[in-house]
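1. have a look at this fold, sequence not included:
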């Protein structure tokens, strides 16, 4: 399944991708800018259809119309994995010093590490996620001054 598209549509998507990059103060278009343009074009096309056709198109193009929730869910999964590894590392260090795991109070990971792992998955802005309710509800805190994400271990 596809969408009928003309040259003017492709040119429009290029302009939207350029505008998206400029909104983020970049001189060059990246993958996420083009993804945003494709998403806008698909949403526009899909919402111009009759309801029954719209539902079928939404199902067909669901993977191209990813939402902020999808990205937040993926980032939360990445962050949980990072903290799990950090907890294992700190536990091993404590055992080597003959200390108990109760000495673990707060775990911290660098925001740069999360950004790096997010970029591998073509997510370029994690700060919006770090200010989200999903981030806070999972028990994470952002310390922008130190560039760390922390979580209290119970």
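-> Noted; the coordinates are in hand. Nothing here was measured: the structure is a model prediction, and the numbers come from that model. Residues are numbered from 1 along each chain as shown.

2. in what helix or strand does residue 93 lie?
-> Using DSSP states H and E, the secondary-structure element containing residue 93 is helix 68-96.

3. how far off centre is the helix or strand following that helix?
-> Counting by DSSP H and E, the element after helix 68-96 in chain order, helix or strand, is strand 106-110. Distance, stretch centre to chain centre, for strand 106-110: 19 Å (C-alpha atoms, centre = their mean, to the nearest Å).

4. again with stretch 6-23
-> Relative to where its chain is centred, stretch 6-23 has its mean C-alpha point 22 Å off (C-alpha atoms, centre = their mean).

5. which residues does that stretch contact?
-> Under the contact criterion C-beta atoms under 8 Å, 6 or more residues apart in numbering, stretch 6-23 has outside partners 27, 28, 29, 30, 32, 33, 34, 36, 37, 38, 40, 41. From N, CA and C alone the C-beta is placed, and that goes for glycine too.

6. neighbour count, distance to residue 148 and secondary structure added to these, as CSV?
-> Written out in CSV, the entries for the contacts of stretch 6-23 read as follows (neighbours: other C-beta atoms under 10 Å; distance: C-beta to C-beta, whole Å; DSSP: H, G, I helix; E, B strand; the rest coil):
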residue, neighbour count, distance to residue 148, secondary structure
27, 7, 30, coil
28, 7, 30, coil
29, 17, 32, coil
30, 15, 26, coil
32, 18, 25, helix
33, 22, 29, helix
34, 17, 32, helix
36, 19, 29, helix
37, 22, 34, helix
38, 16, 35, helix
40, 17, 35, helix
41, 18, 39, helix
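
7. between which two of these is the distance greatest?
-> 27 and 41 (22.8 Å; C-beta to C-beta).

8. returning to what we had before: and of the contacts of stretch 6-23, the nearest to residue 105?
-> When the contacts of stretch 6-23 are ranked by distance to residue 105 (C-beta to C-beta), residue 32 comes first, at 36.8 Å.

9. correct me, but the closest one touches residue 119?
-> No - the pair formed by residue 32 and residue 119 falls short of the contact definition of C-beta atoms under 8 Å, at 10.0 Å.

10. and residue 110, what is it in contact with?
-> Listed by C-beta under 8 Å, 6+ apart, the contact partners of residue 110 are 147, 148, 149.

11. from the residues you listed, which land in strands?
-> Members of the contacts of residue 110 lying in strands (criterion: DSSP state E): 148, 149.
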